[in-house]
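A.B. asks: Fold the following for me, if possible:
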Amino acid sequence: MSFSSKVKEELAGQIGKSRHCQIAELAALIAFDGKAKIGENGATILLDTENENLLQKYGILVKKLFHFDTANTKAQDWKRVYEAVKMWDEEKQKPHITNDVNGILVQQTCCKRAFIRGAFLASGSISDPNKSYHFEIVCKDEHQAEQLKEMINSFDMDAKIVLRKKYYVVYLKEGSQIVDLLNVMEAHISLMNLENVRILKEMRNSVNRKVNCETANISKTVNAAVKQVLDIEYIRDTAGLDSLPENLKEMALLRLEYPESALKELGTYLNPPVGKSGVNHRLRKLSAIAEELREG
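C.D. replies: Now for the predicted structure:
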């Protein structure tokens, strides 16, 4: 089962405690995935899906709120549903399913949580966090996308909208914000699973950065030592090491004897010992002398 499916399975079992929250989530399911069917027995509401978790959640909400089964097609029962989600045209006495919902249904913070949960259940997905961080909900039109984006961003997030073919997609790409949104939707088990993945990835990235940094430093040190040895050998083979001042000659002989030693270690072999900066200063002088010999 994909990570996205696991999140939806968890959310399918999450029912808001308050009636107004349950209505907000039901409104999201209908707005994002519902369609009206008008027949001899009145106007029913069908979800345009084969997802068992979604259908089950829809049935539970209808049962809790209106005390009838979704298989029941009594006109007066379904009219109550339409009226509750503000999608009933009283003047024409017929349903009017809208993509964006009446703001009265999502005034409270808890109702916004429930609505986002319903929207994700109906039309959302999350990528496998082991590969990338991406959360999205596909919307039917721009108005629906704008309403959902504003609702998500009311929780201090930075959701954005992108047009993909004929649909508007509300998305998040920051791992930390996806974690926060899972918390908003009350998918606490999925939240912990995602956090575990994030921690492991951050640890691996930190280790890789340190290894790369150390590798670069080692490479830099080795390259510098190789050049120092080449410069000293050039001086030896042209002017001779005896042409050098005593302190530089001593340094040159030590570098030839210990070509792989670090500057600090080289300094301990001198008598009296010299610090890292002193060793570096002498080696720079030797390199300058070698350059002068090459040029002249």
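
A.B. asks: Strands of the stretch 1-150 of the chain, residue ranges please.
C.D. replies: 34-39, 42-47, 88-89, 94-95, 124-126, 135-139 (DSSP state E, counting those that start in this stretch).

A.B. asks: Domain-wise, how is the chain divided?
C.D. replies: Here the domain parsing of the chain from automatic domain parsing is 3-186, 200-295.

A.B. asks: Can you give me the end-to-end span of the longest one?
C.D. replies: Meaning domain 3-186. Using Cα to Cα, to the nearest Å, one end of domain 3-186 lies 16 Å from the other.

A.B. asks: Dump the strands of the stretch 1-150 of the chain to CSV, plus distance to Ser219.
C.D. replies: Just so you know, the C-beta spots here come from the backbone N, C-alpha and C atoms, and that holds for glycine as well. Formatted as CSV, these follow (distance: least, Cβ to Cβ, whole Å):
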stretch, distance to Ser219
strand 34-39, 62
strand 42-47, 60
strand 88-89, 72
strand 94-95, 71
strand 124-126, 40
strand 135-139, 40
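
A.B. asks: if we can go back for a sec, which one of the domains of the chain is the most hemmed in?
C.D. replies: Mean neighbour count, computed with mean count of other Cβ atoms under 10 Å, is highest for domain 3-186 among the domains of the chain, reaching a mean of 18.

A.B. asks: so which of the domains of the chain comes closest to Leu194?
C.D. replies: Leu194 sits nearest to domain 3-186 of all the domains of the chain, at 5.1 Å, using Cβ to Cβ.

A.B. asks: Can you give the distance from that closest one to the centre of its chain?
C.D. replies: 23 Å (Cα atoms, centre = their mean, to the nearest Å).

A.B. asks: Check the gap between Lys131 and Ser4 for me.
C.D. replies: 12 Å (Cβ to Cβ, to the nearest Å).

A.B. asks: my guess is Tyr82 meets Trp88, correct?
C.D. replies: Yes - assessed by Cβ atoms under 8 Å, Tyr82 is found in contact with Trp88 at 3.8 Å.

A.B. asks: For the helix or strand hosting Leu181, what does the pLDDT average out to?
C.D. replies: Assessed by DSSP states H and E, Leu181 sits inside helix 175-184. For helix 175-184, mean pLDDT is 93.

A.B. asks: by contact count, what packs against it?
C.D. replies: Contacts defined by 3 or more Cβ pairs under 8 Å, 6 or more residues apart in numbering; DSSP states H and E place helix 175-184 against helix 109-123, strand 135-139, helix 188-238.

A.B. asks: Of all those, which one is nearest Ile289?
C.D. replies: Across the helices and strands packed on helix 175-184, closest to Ile289 is helix 188-238 (Cβ to Cβ), at 6.0 Å.

A.B. asks: mean confidence for that closest one?
C.D. replies: If you average the pLDDT over helix 188-238, you get 84.

A.B. asks: packing partners for that helix?
C.D. replies: Packed next to helix 188-238, using 3+ Cβ pairs under 8 Å, 6+ apart, are helix 3-12, helix 175-184, helix 246-257, helix 276-295.

A.B. asks: Report the angle between the helix holding Leu181 and strand 135-139.
C.D. replies: Here helix 175-184 runs at an angle of 60 degrees relative to strand 135-139 (axes from the mean of the first three to the mean of the last three Cα atoms, to 10 degrees).

A.B. asks: Go ahead and name everything in contact with stretch 56-75.
C.D. replies: 11-12, 15, 19, 22-23, 25-26, 29, 39, 41-44, 47, 77, 80-81, 84, 121 (Cβ atoms under 8 Å, 6 or more residues apart in numbering).

A.B. asks: show me the contacts for Gly188.
C.D. replies: Rather than Gly, residue 188 is His. Contacts for His188 (Cβ under 8 Å, 6+ apart) come out as Leu182.

A.B. asks: shared neighbours of Tyr82 and Trp88, anything?
C.D. replies: Listed as contacting both Tyr82 and Trp88 by Cβ under 8 Å, 6+ apart are Pro95.

A.B. asks: Appreciated, that's everything.
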